[in-house]
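S.K.: my questions concern the predicted model and sequence given below.
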Amino acid sequence: MSPKNTILRCPTCRAVVADQGENFPFCSDRCRLIDLGKWASGGYRISSPILDPEVLEGLGGDQQPHGEHDEQE
């Protein structure tokens with residue numbers, strides 16, 4: 001349960017938004033599209049490599065963290 005006095009802000013422009021608004025958590029469709037564009041262009045990314053062997057197994061198995069692969073000629 002969240003408190004009723006919580007102020008929510010648009011992640012793009014920081015404007016105050018209603019938690020039941022049509023574009024929640026964004027204030028408008030424009031801000032939603034700006035955020036989508038950042039994801040599509042690589043503006044957002046995971047900053048560290050996946051090191052958990054169980055997660056790597058689910059992604060295709062033989063992947064190793066960057067810098068730890070065997071050199072092939």
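M.R.: Sure, I can see it.
S.K.: next, the buried residues of the helix or strand of the chain with the lowest mean pLDDT.
M.R.: Least confident helix or strand of the chain, by mean pLDDT, DSSP states H and E, is helix 53-59 with a mean of 75. Neighbour counts using 16 or more other CB atoms under 10 Å place Leu56 of helix 53-59 among the buried residues. Just so you know, the C-beta spots here come from the backbone N, C-alpha and C atoms, and that holds for glycine as well.
S.K.: pull that helix out as PDB, backbone CA atoms only.
M.R.: What follows is helix 53-59, C-alpha atoms only, in PDB (Å, rounded to 0.1, in the frame of the first residue of the first chain):
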ATOM      1  CA  PRO A  53      25.700 -19.100 -14.500                       C
ATOM      2  CA  GLU A  54      22.000 -20.000 -14.200                       C
ATOM      3  CA  VAL A  55      21.000 -16.800 -16.000                       C
ATOM      4  CA  LEU A  56      23.600 -17.400 -18.700                       C
ATOM      5  CA  GLU A  57      22.300 -20.900 -19.200                       C
ATOM      6  CA  GLY A  58      18.900 -19.600 -20.000                       C
ATOM      7  CA  LEU A  59      20.300 -17.200 -22.600                       C
END
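S.K.: show the pLDDT at Thr6.
M.R.: If you check Thr6, the pLDDT there is 75.
S.K.: hang on, I meant Val16
M.R.: Looking at Val16, the pLDDT reads 93.
S.K.: next, count neighbours for it.
M.R.: The number of residues packed near Val16 is 9, by other CB atoms under 10 Å.
S.K.: can you list the neighbours in contact with the top helix by length along the chain?
M.R.: Secondary structure of the chain read by DSSP state H shows that its longest helix is helix 29-40. Contacts to helix 29-40, defined as CB atoms under 8 Å, 6 or more residues apart in numbering, come from residues 10-13, 15, 23, 26, 43-44.
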